[in-house]
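# What shape does this take:
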Amino acid sequence: MLQTITYLKNNLADHFLIYFIPLYVVGGRPAAILGAQFLGFKIVFLLPVVVMLDTLQIPIFYHIYRRVSRIALVQKFRERISKKEKHLRSSRFFHWMHVMGMPGVVAITMTPLKGCGMWSGVLLSEILGLPKRKSYPLLIFGSIFGCSLIFIVGEAGLKIAGLF
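The predicted structure follows:
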């Protein structure tokens, strides 16, 4: 990944969208932000762009989750789960999700790991049954906090690299 970013820096530094959007799509928020930081972009520019891209994903993910939930196989799975609901409600996972609640949506959205982020934040808000009016701000705050966290780590990495 570093070789790709270096190549982009040397050849496409003036064409931000040519490399930023593919990095964002393929590598996610961390790869896009860290790559753009390596190329010299500052948080004042990066934060609004990444938060906008994250925010544009939210209605798409809601649509995908609603579509998938209508598939016959998923409906049969839900029927089977509803029969075992008593056992499910006593499980640790279910308890953990309800204890985390709305702060959990922010926490899972801001986490810069694969499998976390907007997909998981929307899924958790769907599982918790949060209305969109409440989940959108939580997801956006999670994106802002996550971008800030990644940016701080990137700045520290660039300063450490500058020492050598």
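
# use CA for all of it now, contacts and neighbours both
Noted.

# K114: what secondary structure?
For K114, the assignment made with DSSP: H, G, I helix; E, B strand; the rest coil gives coil.

# which ones are touching the closest residue to L138 other than its chain neighbours?
Distances taken as C-alpha to C-alpha, 6 or more residues apart in numbering put V106 closest to L138, at 5.5 Å, once the chain neighbours are dropped. Contact analysis of V106 by C-alpha atoms under 8 Å, 6 or more residues apart in numbering lists G121, L138, L139, F141, G142, S143.

# Closest to Q3 out of those residues?
Using C-alpha to C-alpha, S143 is the member of the contacts of V106 that lies nearest Q3, at 26.9 Å.

# Just say helix, strand or coil for that closest one.
Taking three-state DSSP, the label given to S143 is helix.

# Wait, it touches T109, no?
Yes. The criterion here is C-alpha atoms under 8 Å, and S143 meets it with T109 at 6.2 Å.

# Distance from stretch 153-162 to the middle of the chain?
What separates the centre of stretch 153-162 from the centre of its chain is 23 Å, taken as C-alpha atoms, centre = their mean, to the nearest Å.

# rewinding a little: could you give me the buried positions within the helix or strand hosting the residue nearest to L138?
Element membership of V106 [criterion: DSSP states H and E] is helix 92-110. By neighbour count on 16 or more other C-alpha atoms under 10 Å, the buried set for helix 92-110 is M97, G101, M102, G104, V105, V106, A107, I108, T109, M110.

# if I look at S143 and T109, which residues touch both of them?
With C-alpha under 8 Å, 6+ apart, S143 and T109 have common neighbours G117, M118.

# need the contact list for the residue nearest the centre of the chain.
Nearest to the geometric centre of the chain sits G117, at 2.0 Å (C-alpha atoms, centre = their mean). Listed by C-alpha under 8 Å, 6+ apart, the contact set of G117 reads I108, T109, M110, T111, S143.

# I144 too?
Applying C-alpha under 8 Å, 6+ apart, the residues contacting I144 are L47, V51, M110.

# will you turn the residues you listed into a markdown table that also has distance to H63 and pLDDT?
Formatted as a markdown table, these follow (distance: C-alpha to C-alpha, whole Å; pLDDT from 0 to 100):
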| residue | distance to H63 | pLDDT |
| --- | --- | --- |
| L47 | 25 | 87 |
| V51 | 19 | 90 |
| M110 | 21 | 88 |
